[in-house]
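>>> need a 3D model of the sequence below.
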Amino acid sequence: MSTNSNNTQQRGFLDRLFKLKENHTDVKTELAAGLTTFMTMAYILAVNPSILSAAGMDGTAVLIATCIASFIGTMLMGLLANLPFALSAGMGLNAFMAYTIVLGYGYSWQIALLAVFVEGLIFIVLSLTKVREAIFNAIPLPIKKAVSVGIGLFIAFIGLKNSGLVVDNESTLVAITNFTEDFNTAGICAVLALVGTIFTFILHAKNVRGSVLIGILATWVLGIICQLCGIYVPGEGYASLIPSFGMTDFTALGLTFGQCFNVDFSTVDIVNFIVIVFSFLFVDLFDTLGTLIGVSSRAGMLDENGRLPKIRPALLADAIATTAGAVLGTSTTTTFVESSAGVGAGGRTGLTAVTTAILFLLSIFLAPVFVAIPSFATAPALIVVGFMMFSSVTEIKFDAKSLTDAIPAYICIIAMPLFYSVSEGISLGIISYTVINLCCGKGKKVPPLIYVLTVLFILKYIFL
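Model (predicted):
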């Protein structure tokens, strides 16, 4: 009796804290959505250490730093903004740090982390002064809708690539994989991803709650069965699908913690350093804005003017996470497009984010288990959620009277998957929106801030 009473009190507390009824959701749905988001993001725990290790950083230290930074950012997102978005080390930004700044420009990883730290401080200031919020609100509604569609295609393409269904091809750039070649590794992974995708789509079509999460788990379990039967054979580049248990060396964090301040400034060219900081700034700013726009649009969180009411605390959480992540020892922490997986599973409040944050913290202790989630098992979730987000394309008007809106939206949509970047899609969408409307005599409907952004984007392509 007392146990039931305690459970009721806990649910009541969570309902008041996260306004569950107001957002038409419940504790069970939010917890499942948080788990779904985490599982689609868990690959970062394996990928980020791998990428930053190329820059000379300790892999275990990066793993711990990634987990803690993700926990801080996602927890703040849930508690400050009450939004179901999760944060972690941004893909693309980690590669930019490792392969461009360190290996390309020849700077140390400590200097790269300092650039991330400075970028985070700038973001905090911009967030507190409403600059980032003003940028979000100024973006025209058709572009915001296009961002949702573009992200849908983008994450679907990521899923296809991660699963091995799509491979590089010299003549056509990309192509479908040869299932029979290397069948016991790449081939069977692609088959499992395809089966998992179809299975998840069927569940979604039948309106099964938690279809995305069920699809991830079912695909992973099917992979484990294939390994036990000898159909899947672990080898070079293909790890065992059976999770192992072990503890993490927590002392490794000392190898990266605070190292962003351990910099020999005599080796730093101030002009190049400023360029590096603003490179991080541009990519992170518009990747974050693009993700917030796209996922919020998909969740129906934007108001009638296309604005996100809780945008400022969301941006502040993102900025604080970036700064904390740099001190801990990881690249820019940003809002993940995979948050859309949790939204697709029904997540609507900060309880989804808090659940994901706790799982990131726990993953420090059981990192080998979470890293064992294979990319082919999370690929179906990304592909199916991509479909959900793509449905926003029907909200863009393509009639003759709306072409000055529709054409920039189209450019924004196709740029994201083809250029493999959310920020590039937004850049080209805004530039084309300004130029087309100006040339068609509709310059007055372009907000002043969009003119400023257009100039900055053009300058970015010239100088960065």
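>>> how close does I155 get to L418?
14 Å (C-beta to C-beta, to the nearest Å). No exception for glycine: its C-beta is placed from N, CA and C like everyone else's.
>>> hey, which helix or strand in the protein has the poorest pLDDT?
None of the helices or strands of the chain scores lower by mean pLDDT, DSSP states H and E than helix 367-371, at a mean of 67.
>>> downstream neighbour of that one in the secondary structure list?
Of the helices and strands lying after helix 367-371 in sequence (DSSP states H and E), the nearest is helix 375-390.
>>> tell me which other helices or strands that next one touches.
Contacts defined by 3 or more C-beta pairs under 8 Å, 6 or more residues apart in numbering; DSSP states H and E place helix 375-390 against helix 27-41, helix 141-163, helix 188-205, helix 211-228, helix 270-299, helix 339-344.
>>> identify whichever of the ones you listed lies nearest to V102.
Among the helices and strands packed on helix 375-390, the nearest to V102 by C-beta to C-beta is helix 270-299 (10.6 Å).
>>> distance from the chain centre to that closest one, please.
Averaging C-alpha positions (C-alpha atoms, centre = their mean, to the nearest Å) puts helix 270-299 12 Å from its chain's average.
>>> how many degrees apart are it and helix 375-390 in direction?
Orientation of helix 270-299 against helix 375-390 (axes from the mean of the first three to the mean of the last three C-alpha atoms, to 10 degrees) gives an angle of 70 degrees.
>>> in helix 270-299, what's buried?
By 16 or more other C-beta atoms under 10 Å, the buried positions in helix 270-299 come out as 273, 276-299.
>>> could you do stretch 308-321 as well?
Under the neighbour-count criterion of 16+ other C-beta under 10 Å, stretch 308-321 has 308, 310-321 buried.
>>> all helices of the stretch 51-200 of the chain, in order?
Using DSSP state H, counting those that start in this stretch, the helices of the stretch 51-200 of the chain run over 59-76, 93-95, 109-128, 131-138, 141-163, 188-205.
>>> and those as a markdown table, adding mean pLDDT and mean neighbour count?
Shown next, in a markdown table, are the helices of the stretch 51-200 of the chain (pLDDT from 0 to 100; neighbours: other C-beta atoms under 10 Å):
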| stretch | mean pLDDT | mean neighbour count |
| --- | --- | --- |
| helix 59-76 | 94 | 26 |
| helix 93-95 | 83 | 21 |
| helix 109-128 | 92 | 22 |
| helix 131-138 | 80 | 18 |
| helix 141-163 | 88 | 25 |
| helix 188-205 | 95 | 20 |
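>>> quick one, which of these gets closest to D182.
helix 188-205 (8.9 Å).
>>> how far off centre is the closest one?
The chain centre lies 22 Å from the centre of helix 188-205; the measure is C-alpha atoms, centre = their mean.
>>> how about stretch 110-122?
Relative to its chain's centre, stretch 110-122 lies at 20 Å (C-alpha atoms, centre = their mean).
>>> now the protein, which segments are flagged as low pLDDT?
Scanning the chain for pLDDT under 70 picks out 1-10, 246, 367-368, 370-371, 464.
>>> in space, not sequence, find me the middle residue of it.
Nearest to the mean C-alpha position of the chain, counting by C-alpha atoms, centre = their mean, stands F336 at 1.9 Å.
>>> still on that earlier bit, between the helices of the stretch 51-200 of the chain, which one is closest to F398.
Closest to F398 of these is helix 141-163 (C-beta to C-beta; 10.2 Å).
>>> format the CA atom coordinates belonging to the closest one as PDB.
Extracted in PDB, the C-alpha atoms of helix 141-163 (Å, rounded to 0.1, in the frame of the first residue of the first chain):
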ATOM      1  CA  LEU A 141       9.000  29.900 -41.300                       C
ATOM      2  CA  PRO A 142       9.400  28.200 -44.800                       C
ATOM      3  CA  ILE A 143      13.100  27.800 -44.000                       C
ATOM      4  CA  LYS A 144      12.300  26.400 -40.600                       C
ATOM      5  CA  LYS A 145      10.000  23.900 -42.100                       C
ATOM      6  CA  ALA A 146      12.700  23.000 -44.700                       C
ATOM      7  CA  VAL A 147      15.200  22.500 -42.000                       C
ATOM      8  CA  SER A 148      13.000  19.800 -40.400                       C
ATOM      9  CA  VAL A 149      12.700  18.100 -43.800                       C
ATOM     10  CA  GLY A 150      16.400  18.500 -44.500                       C
ATOM     11  CA  ILE A 151      17.400  17.000 -41.200                       C
ATOM     12  CA  GLY A 152      15.100  14.100 -41.800                       C
ATOM     13  CA  LEU A 153      16.900  13.300 -45.000                       C
ATOM     14  CA  PHE A 154      20.300  14.000 -43.400                       C
ATOM     15  CA  ILE A 155      19.800  11.600 -40.500                       C
ATOM     16  CA  ALA A 156      18.300   9.000 -42.800                       C
ATOM     17  CA  PHE A 157      21.400   9.200 -44.900                       C
ATOM     18  CA  ILE A 158      23.600   8.900 -41.700                       C
ATOM     19  CA  GLY A 159      21.700   5.800 -40.800                       C
ATOM     20  CA  LEU A 160      22.200   4.300 -44.300                       C
ATOM     21  CA  LYS A 161      25.900   5.100 -44.200                       C
ATOM     22  CA  ASN A 162      26.400   3.800 -40.600                       C
ATOM     23  CA  SER A 163      24.600   0.600 -41.400                       C
END
